[in-house]
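# Sequence and computational prediction follow.
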Amino acid sequence: KAGVTQTPRYLIKTRGQQVTLSCSPISGHRSVSWYQQTPGQGLQFLFEYFSETQRNKGNFPGRFSGRQFSNSRSEMNVSTLELGDSALYLCASSLGGQDTQYFGPGTRLTVL
Amino acid sequence: EDQVTQSPEALRLQEGESSSLNCSYTVSGLRGLFWYRQDPGKGPEFLFTLYSAGEEKEKERLKATLTKKESFLHITAPKPEDSATYLCAVQDYGGSQGNLIFGKGTKLSVKP
């Protein structure tokens, strides 16, 4: 079974721009969660989608948003990028959200 | 508030020198405790899920145990390829679905 895939793997943007990241979950998994990983804060939860609905959201500003499609693929968007948004963005999928989450390789975002 | 604390932050071992990593947690109701391994620049790789105190799981040189307040990851006769950051995460019954609370991790280095 193919694992979680994320595209692109690397991105370089400048302040003020916006970015869209994509995540394809493991086949059959309906829950997709997004996390931000930085050296200082570690892994922090952004939001979780299940059946195209956002079920849960972490403590991040409204510049961070996401959506999920009918095939369970998910995208996250960050608008008006700031230098502090530079991080590894990780997507994880699970069957229903309450069980083991499997992570993708991440998208490394650098904001200049 | 849910909290996860991992110790030590870093651990250097000689090949074959067994040791343990600690994960202390505070949650209102534990749904599950998860161990992941993360190599530099990659997404976390799932190792174990533990659900109740007294539970133990093993995989090759790794063994995870769980009590009501902490979990241990025991590494027996480690090899250089075991070098990685080991992450502990909890999911709370009272918390929202899809939300894992992570510790900052223990960076393990195994020297030949």
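Now that the structure is in, tell me what you want to look at. Numbers count the residues shown, from 1 in each chain, chains lettered A, B, ... in the order given.
# Which pLDDT value goes with the nearest residue to residue B:26 once chain neighbours are set aside?
In this structure, residue B:26 finds its nearest non-sequential neighbour in residue B:3, 4.5 Å apart by C-beta to C-beta, 6 or more residues apart in numbering or on different chains. No exception for glycine: its C-beta is placed from N, CA and C like everyone else's. On pLDDT, residue B:3 comes in at 90.
# my guess is residue B:3 contacts residue B:28, does it?
No. Judged on C-beta atoms under 8 Å, residue B:3 makes no contact with residue B:28 at a distance of 11.2 Å.
# give me the number of residues near residue 20?
As the question left the chain open, I've gone with chain A. 14 (other C-beta atoms under 10 Å in any protein chain shown).
# You answered for a different chain; I wanted chain B.
13.
# residue contacts, the residue nearest to residue B:26?
With C-beta atoms under 8 Å, 6 or more residues apart in numbering or on different chains as the criterion, the residues that contact residue B:3 are B:25, B:26, B:101.
# Name the residues that touch stretch A:8-21?
Residues from elsewhere that reach stretch A:8-21 (C-beta under 8 Å, 6+ apart): A:6-7, A:75-83, A:89, A:91, A:105-112.
# buried ones in it?
A:11, A:13, A:19, A:21 (16 or more other C-beta atoms under 10 Å in any protein chain shown).
# Just the ones in strands from these, please.
A:11, A:13, A:19, A:21 (DSSP state E).
# Just flag the most distant two among those residues.
A:13 and A:21 (11.2 Å; C-beta to C-beta).
# Quick check, the residue in chain A closest to chain B?
Chain A approaches chain B most closely through residue A:48 (2.9 Å), counting by C-beta to the nearest C-beta.
# who's that residue bridged to?
The partner list for residue A:48 in beta bridges (DSSP bridges) reads residue A:33, residue A:56.
# and the end-to-end length of stretch B:87-106?
Stretch B:87-106 has an end-to-end distance of 7 Å (criterion: C-alpha to C-alpha, to the nearest Å).
# per-residue confidence averaged over it?
On average, the pLDDT along stretch B:87-106 is 85.
# check contacts around residue 75.
Reading this off chain A. A:20, A:21, A:22, A:23, A:66, A:67, A:69.
# if you could check chain B rather than the one you did, that'd help
Residue B:75 touches B:13, B:18, B:19, B:20, B:21, B:61, B:62, B:82, B:108, counting by C-beta under 8 Å, 6+ apart.
# and chain A, which residues reach chain B?
A:4, A:6, A:31, A:33, A:35, A:42-45, A:48, A:50, A:55-56, A:58, A:88, A:90, A:92, A:94, A:96-106, A:108 (C-beta under 8 Å from any C-beta of the partner chain).
# can you tell me which of these are in strands?
By the criterion of DSSP E, membership of the residues of chain A next to chain B in strands covers A:6, A:31, A:33, A:35, A:42-45, A:48, A:50, A:55-56, A:88, A:90, A:92, A:94, A:102-103, A:108.
# Give the burial count for residue 56, as a bare number.
This is for chain A. Residue A:56 has 18 nearby residues by other C-beta under 10 Å.
# The intended chain is chain B.
As a burial measure, residue B:56 scores 12 neighbours (other C-beta under 10 Å).
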